[in-house]
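Visitor: dropping the sequence and predicted coords here.
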Amino acid sequence: MWSKTRIILALFWSFFLFNQAAAQYDQSSYSIIGIGNPNWGGYSQNAAMGGLGISYGSRLFLNNLNPALLASNQEAIFQLGSSFDIRSFSQEGNSTYSSIAGGVKDFGLNLPIKYAKWNLGISLNPYTNVNYGFINSSEGTGPEGSTPVVEVEGRGGIEELSVVNSFRIKNFQFGVKASFLFGSIQKEDQFSLTGLTTTNFGDAVVNQTKNYHRLSFGVGGLYKLLLSSNSRLNIGATYNPEIDLRQNILATLENQTSTGNFISGDTLVNDKADKKTITIPNKFGFGISYEKFQTLTIGLDFLSQDWSAYRDENGLVENGYGKAYRLALGGEFIPNYQAQKLFSVTSYRFGIHYEQTPFLVNNETIDDIGISFGASLPLNAFWGQAHLNFGATFGRRGNVSNGLVRENYVKIHLGFSLQDVTWFTRQKFN
């Protein structure tokens, strides 16, 4: 009874914590475009391998990159992950500034329905993220020689709540994912004048909130080819079809004094009654990995999504979106899984990634490249087998040419996973 109760409490706590902090796990000036920065997926252990995970997943950890891999988990597993982003922004001719964002990123639960044959999984992960802020001013060009200042800010994102069924038949695994996409993106534009000699001018603030919701589906497959008694080749693939995501917009205008006091307001757009949709393009992935059991794994993943097929609520093309793809090369190493020493049974991970992001600015693609490493430390716990997952990614996005912004970043990945064979096992007494 206590086992089932603590699972329910963990799920409730994780869902509450996720909704409070998930939108802050990432940041990018380019997330001003469209519905923001897409999340390619992966828990903390995947991030430490450059994002690798379409064809490889350990039985000790969850995997949200390929729904077929859930069938590799033979026991009940609960996993929680967080991410912290330290980023500096540079533009040609301008000074560099830094910002920090962070919070809970994802969680999941695996339930073994039929041992080694059928698994059911529940997860909550970010789908896109919006987190940016800009200030633009034109010295002395306003009334009475004042300076017009425009402050632009955006926050929020779309989340993905998924239920996965994964099946295993000998060396083949197949998974089906049903997801509910939901969330909101808030944007605020504030127009003000500084350096005024009189107080005849106030500030204008435009607030816009876009809410999203829709069901979607995805599939994945995995084949394990045995090469020897202690090694195999894993081949995996995923596909997510195009989504028509329901969208509602509420936009308001507020007139304020220069000190921020409310003067008047008006509703500019309120289309809750209109059933408008945006179109998110399909996505597919392919991965291959070589695995030497309990010792070494190395693999390569390729993910692709053509965001030039994105359409807004009016059916128009988003000029800031183009074709996107991601390459990840990574691996995992365990010195001696039969040893008694902590650092001998620790899983060490490494990886690199190259990504052509969906963002297209001034007809120039925005590239993202980085290197990752991390480890999983096993814990001795009376409630089951637990691991602390650590990782870090050092990367760069964009450049300073052609009026673009270069972002240098460090992402810290922290996670906790708990595996227990007793949660869904019927107790027997002699």
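Guide: Looks like it arrived, so ask away.
Visitor: count of residues packed around the nearest residue to Asn171 once chain neighbours are set aside?
Guide: Among residues not flanking Asn171 along the chain, Lys224 sits closest, at 4.6 Å (Cβ to Cβ, 6 or more residues apart in numbering). In short, each C-beta sits where N, CA and C put it, glycine included. Around Lys224 sit 19 other residues, with neighbours defined as other Cβ atoms under 10 Å.
Visitor: where does Lys224 fall, secondary structure wise?
Guide: If you go by DSSP states H and E, Lys224 is part of strand 203-228.
Visitor: likewise Tyr127?
Guide: In the assignment (DSSP H and E), Tyr127 maps to strand 118-137.
Visitor: okay, buried residues for the very next helix or strand once past that strand please.
Guide: Moving toward the C-terminus from strand 118-137, the next helix or strand (DSSP H and E) is strand 147-169. Across strand 147-169, burial judged by 16 or more other Cβ atoms under 10 Å covers 148-149, 151-162, 164-168.
Visitor: report the angle between strand 147-169 and strand 118-137.
Guide: 170 degrees (axes from the mean of the first three to the mean of the last three Cα atoms, to 10 degrees).
Visitor: gap between the next helix or strand after strand 147-169 and the chain center?
Guide: Counting by DSSP H and E, the next helix or strand C-terminal to strand 147-169 is strand 172-194. Offset of strand 172-194 from its chain centre (Cα atoms, centre = their mean, to the nearest Å): 10 Å.
Visitor: mind giving me the packing neighbours of strand 172-194?
Guide: Counting contacts by 3 or more Cβ pairs under 8 Å, 6 or more residues apart in numbering; DSSP states H and E, strand 172-194 is packed against strand 118-137, strand 147-169, strand 203-228.
Visitor: how about the shortest one: buried residues?
Guide: In this case it means strand 118-137. So strand 118-137, judged by 16+ other Cβ under 10 Å, has buried residues 119, 121, 123-132.
Visitor: ok, the last one next?
Guide: Buried residues in strand 203-228, counting neighbours by 16+ other Cβ under 10 Å, are found at 203, 205, 207-212, 214, 216, 218-224.
Visitor: give me the contact list for the next helix or strand after it.
Guide: As assigned by DSSP H and E, the chain's next helix or strand after strand 203-228 is strand 231-240. Identification of contacts with strand 231-240 by Cβ atoms under 8 Å, 6 or more residues apart in numbering yields 54-56, 65-69, 216-227, 282-293, 299.
Visitor: picking that back up, okay, now the sheet partners of the strand holding Tyr127, with direction.
Guide: With DSSP bridges as the test, strand 118-137 is paired with strand 37-38 (antiparallel), strand 97-114 (antiparallel), strand 147-169 (antiparallel).
Visitor: the ones you listed: which one's closest to Gly370?
Guide: For Gly370, the closest of the strands paired with strand 118-137 is strand 37-38, at 14.3 Å, according to Cβ to Cβ.
Visitor: can you pull the contacts of Asn39?
Guide: With Cβ under 8 Å, 6+ apart, Asn39 has these contacts: 26, 125-129.
Visitor: ok, it to Leu296 distance?
Guide: Distance, Asn39 to Leu296, by Cβ to Cβ, to the nearest Å: 28 Å.
Visitor: go on, Phe174?
Guide: Applying Cβ to Cβ, the value for Phe174 to Leu296 is 27 Å.
Visitor: same deal with Tyr409?
Guide: 29 Å.
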